[in-house]
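In: Build me a structure from this.
(chains A and B)
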Amino acid sequence: MSEIENLEAVIAKLLRAGVLLAGALLATGWFLQVIGGTGLSLGQLSSYASEPLFASTSRAWVEGNFAVLLAYAGLALLICLPVIRVALTAILFLKNGEKLLAFIAGIVFAALLASFALGIEL
Amino acid sequence: MSQLLLMFVSIAAGFLGSLLGLGGGIILVPVLTLVFGVDIRYAIAASLVSIIATSSGAAAGFLRDRLTNLRVAVFLEVGTVAGAITGFAIARKIESSALFLLFGGFLLFSALSMSRKREDQVASVDHPWSRSMRFAGSYPNDKGELVDYKVARVPLSLAMMYAAGVLSALLGIGSGIFKVMAMDGAMKLPLKVSSATSNFMIGVTASASAGAYFLQGSIRPEIAAPVAVGIIGGSWFGGRLMPKIPAKAIRKIFVFVLLVVSVQMILRGWRGV
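Out: Coordinates of the predicted model:
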């Protein structure tokens, strides 16, 4: 197996491990929320009222609500996995001496970060 | 209690999704809104998370099978991510009822395109962009022989990917159906290659808008946790049992279900939610 194929396999394994870890964090957070009686029921989410992530996590931190924080950590990890994949792909292309494709992967990476920033209300 | 039920529904969605080769979004958004009564904005945001889980979890298998064209995927992701940014910006301004109408229309379109037979097309000439980025490749066919392929109409496919990205962010879907159309229809990639490459790409497309929805606070763990846990489990089972299940028969039933759900979503949007 070439070095590139090896790297591809490592990236794929990393992604799968990341999904499982995120799933475990979400499941634990959810379980703790249920037994702790915190969190909203689905019925309470029938109308939309968004609160910025920063506000809800800092409140959870102050209240010591680790169940919510664990769930948010799982979500953050899951959402970041594809971003990490794109960054690693860029490195993979660069190692392979393919500057154009590495550059394109870099653009995708930057666009992903820019897209995330759109979610922050100013 | 309803969250436990939602987890079981998500297991079924992940299972069906991996069997039929589509993301869970097409199933999850209607279930969350029509059955569980969740606001469509929360449903869309939670669904995006499940798409990332399916796509990232499956990446290992697709790369191993030598079907994913990583070069094509990275290039076309420029289009889908740009589209997702646009989609997220539109989603902020649009009414819930419009989202129901659009989703219903999308389901109708999906049902029609799923019932149509796809055939392998072969590109005779390699597009100049494809030559400069070395998109052409080879893949193992059913007999295990390596077949070479060329890549046509790259700019058209990039434009279609932009549209797929807009829909993904707007409706909380992977829009794999559009991606596959852009790849086997426009670029004339072999069907197997375009399906695998699409599955590989949907995670990146979904994460573009999921990250924005997450920071905005639209992804509620109360919904996303049971959904993600269920989808991860369900797609794992689906992948294992795939060879033993008559996917064609399931596909036919699923097309019928899509049509019924599509009418319900459109009606819901028509009544103004």
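In: secondary structure class for the most centrally placed residue in chain B?
Out: Nearest to the geometric centre of chain B sits residue B:174, at 2.7 Å (CA atoms, centre = their mean). When classified by DSSP: H, G, I helix; E, B strand; the rest coil, residue B:174 comes out as coil.
In: for chain A, longest helix please?
Out: Using DSSP state H to assign secondary structure, the helix with the most residues in chain A is helix A:3-36.
In: In the chain, where is pLDDT below threshold?
Out: Just so you know, I chose chain A. Regions of chain A meeting the criterion pLDDT under 70 cover residues A:1-4, A:122.
In: Not quite, go with chain B.
Out: For chain B, the ranges with pLDDT under 70 are B:1, B:21, B:58-65, B:239, B:242-245, B:247, B:273.
In: Could you pull out the strands in it for me?
Out: Taking DSSP state E as the test, the strands found in chain B are B:137-140, B:146-149.
In: Please identify the deepest-packed of those.
Out: With neighbours defined by mean count of other CB atoms under 10 Å in any protein chain shown, none of these is more surrounded on average than strand B:137-140, at a mean of 17. (Glycine included, C-beta is placed from N, CA and C.)
In: Mind listing residues that contact that strand?
Out: Contacts with strand B:137-140, where a contact means CB atoms under 8 Å, 6 or more residues apart in numbering or on different chains, come from B:65, B:66, B:67, B:69, B:71, B:146, B:147, B:148, B:149, B:190, B:192, B:193.
In: Verify the contact between residue B:230 and residue B:6 for me.
Out: Yes - assessed by CB atoms under 8 Å, residue B:230 is found in contact with residue B:6 at 7.2 Å.
In: so what's in contact with those two at the same time?
Out: When contacts are counted by CB under 8 Å, 6+ apart, residue B:230 and residue B:6 have no shared neighbour.
In: Identify the residue nearest residue 28 in space, chain neighbours excluded?
Out: Since no chain was named, I'll use chain A. With CB to CB, 6 or more residues apart in numbering or on different chains as the measure, residue A:70 is the residue that lies nearest to residue A:28, at 5.5 Å, once sequence neighbours are left out.
In: wrong one, chain B
Out: Distances taken as CB to CB, 6+ apart put residue B:47 closest to residue B:28, at 4.6 Å, once the chain neighbours are dropped.
In: Helices of the chain, start to end?
Out: Assuming you mean chain A. Read by DSSP H, chain A holds these helices, from start to end of the chain: A:3-36, A:53-63, A:66-95, A:99-118.
In: You answered for a different chain; I wanted chain B.
Out: With DSSP H, the ranges of helices along chain B come out as B:2-20, B:25-30, B:40-64, B:70-93, B:96-115, B:128-133, B:154-171, B:176-180, B:191-216, B:221-241, B:247-270.
In: Dump stretch A:16-28 to PDB, restricted to CA.
Out: Extracted in PDB, the C-alpha atoms of stretch A:16-28 (Å, rounded to 0.1, in the frame of the first residue of the first chain):
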ATOM      1  CA  ARG A  16     -15.200   6.500  12.300                       C
ATOM      2  CA  ALA A  17     -13.600   6.700  15.800                       C
ATOM      3  CA  GLY A  18     -14.800  10.400  16.000                       C
ATOM      4  CA  VAL A  19     -18.400   9.400  15.100                       C
ATOM      5  CA  LEU A  20     -18.400   6.800  17.800                       C
ATOM      6  CA  LEU A  21     -16.900   9.100  20.400                       C
ATOM      7  CA  ALA A  22     -19.400  11.900  19.500                       C
ATOM      8  CA  GLY A  23     -22.200   9.300  19.700                       C
ATOM      9  CA  ALA A  24     -21.000   8.200  23.200                       C
ATOM     10  CA  LEU A  25     -20.800  11.800  24.400                       C
ATOM     11  CA  LEU A  26     -24.300  12.500  23.100                       C
ATOM     12  CA  ALA A  27     -25.800   9.300  24.500                       C
ATOM     13  CA  THR A  28     -24.200  10.000  28.000                       C
END
